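>>> Got a sequence here, can you build the structure:
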Amino acid sequence: MNQKLNFMSYTVKITDILSLTHDVKMLKTEKPEGYDFKPGQATEVAINKKGWTDEKRPFTFTSLPQDDYLEFVIKSYRDHDGVTKEIEDLVEGDELIIDDSWGAIQYKGKGVFIAGGAGITPFISILRDLKSKGELNGNKLIFANKTSKDVIMESYFHEILGENFISILDQEKVEGHANGRVNMEFLKSKLDDFSQEFYVCGPQPMVESVSELLKQLGALPEGIPFEK
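Numbers count the residues shown, from 1 in each chain. The predicted structure is shown next:
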């Protein structure tokens, strides 16, 4: 049932929409029979409306493979007239077109997850999966954003990770959050083991910068950006 031809497409109905922040929504959809993915994987998504069916964009699953639904956490970029802006106007009952799942970041062992903005999405499913298996201990999440209102699922990460969740803001000083950027000084102050696994996802300039810093500190990071 799980052996499918490449690039098969499925039309799924949106069953639930929830606002997570001022520009981020969580969409739940039907799950095609036999559809499978690994935590951290993504799929190409298009909107099943005239003029949008060929406009595919990659989005990460934030649900778990065993869930009977699919879930996506999607940030809208309102400053340009694209797919995410159109997604923001969708309602329950509207439809998405998805392809089979594909690569992206996959868990290789305990370590440090470093995310910038919407780059958090592949880590949501991975961390949820580790929690469901009782294997979350020993993992740490560093989540970089501009302001506190941009922090997606902040209370959830505090709940499951406790002190192993570090939020850093570069445009705002707020209690409970570090201030600044993920630079050499910050990494040295928060981490003492650079031989562990590192997972980096976010805007490409950030991924390249953080990956280079980690290499200089002795790490062998895997940085795979695939969302703006």
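
>>> quick one: contacts for the residue nearest the centre of the chain?
For the chain, the residue nearest the mean C-alpha position is Thr121 (0.8 Å; CA atoms, centre = their mean). Taking CB atoms under 8 Å, 6 or more residues apart in numbering, we find Thr121 in contact with 59-60, 62, 72-73, 201, 227. C-beta coordinates here come from the backbone N, C-alpha and C atoms, glycine included.

>>> The closest residue to Pro58 other than its chain neighbours: what's it in contact with?
With CB to CB, 6 or more residues apart in numbering as the criterion, Pro58 has its nearest non-adjacent residue at 4.8 Å, and that residue is Ala42. Residues counted as contacts of Ala42 (CB under 8 Å, 6+ apart) are 58-61, 101-104, 122, 226.

>>> In stretch 131-150, which residues are buried?
131, 136, 139-145, 148, 150 (16 or more other CB atoms under 10 Å).

>>> Looking at the contacts of Thr121, which are in strands?
59-60, 72-73, 201 (DSSP state E).

>>> Need the max-distance pair from those.
The two members of those with the most space between them (CB to CB) are Phe72 and Cys201, at 15.3 Å.

>>> These two: which is more packed in?
Cys201 (28 against 23; other CB atoms under 10 Å).

>>> Doesn't the residue nearest to the centre of the chain lie inside a helix?
Yes - counting by DSSP: H, G, I helix; E, B strand; the rest coil, Thr121 is part of a helix.

>>> Tell me how far it lies from Gly202.
For Thr121, the distance to Gly202 (CB to CB, to the nearest Å) stands at 10 Å.

>>> With only the CA atoms kept, save the longest strand seen in the chain in CSV.
The longest strand of the chain (DSSP E) is strand 9-21. Extracted as CSV, the C-alpha positions of strand 9-21 are listed here (Å, rounded to 0.1, in the frame of the first residue of the first chain):
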residue,chain,number,x,y,z
SER,A,9,-0.8,13.5,-6.2
TYR,A,10,-3.6,13.4,-3.7
THR,A,11,-6.4,15.9,-3.1
VAL,A,12,-7.2,16.4,0.6
LYS,A,13,-9.8,18.4,2.3
ILE,A,14,-8.9,20.9,5.1
THR,A,15,-10.7,19.8,8.3
ASP,A,16,-9.3,22.4,10.8
ILE,A,17,-7.5,25.7,10.8
LEU,A,18,-5.9,27.3,13.9
SER,A,19,-4.0,30.6,14.2
LEU,A,20,-0.7,30.1,16.1
THR,A,21,0.8,33.6,15.7
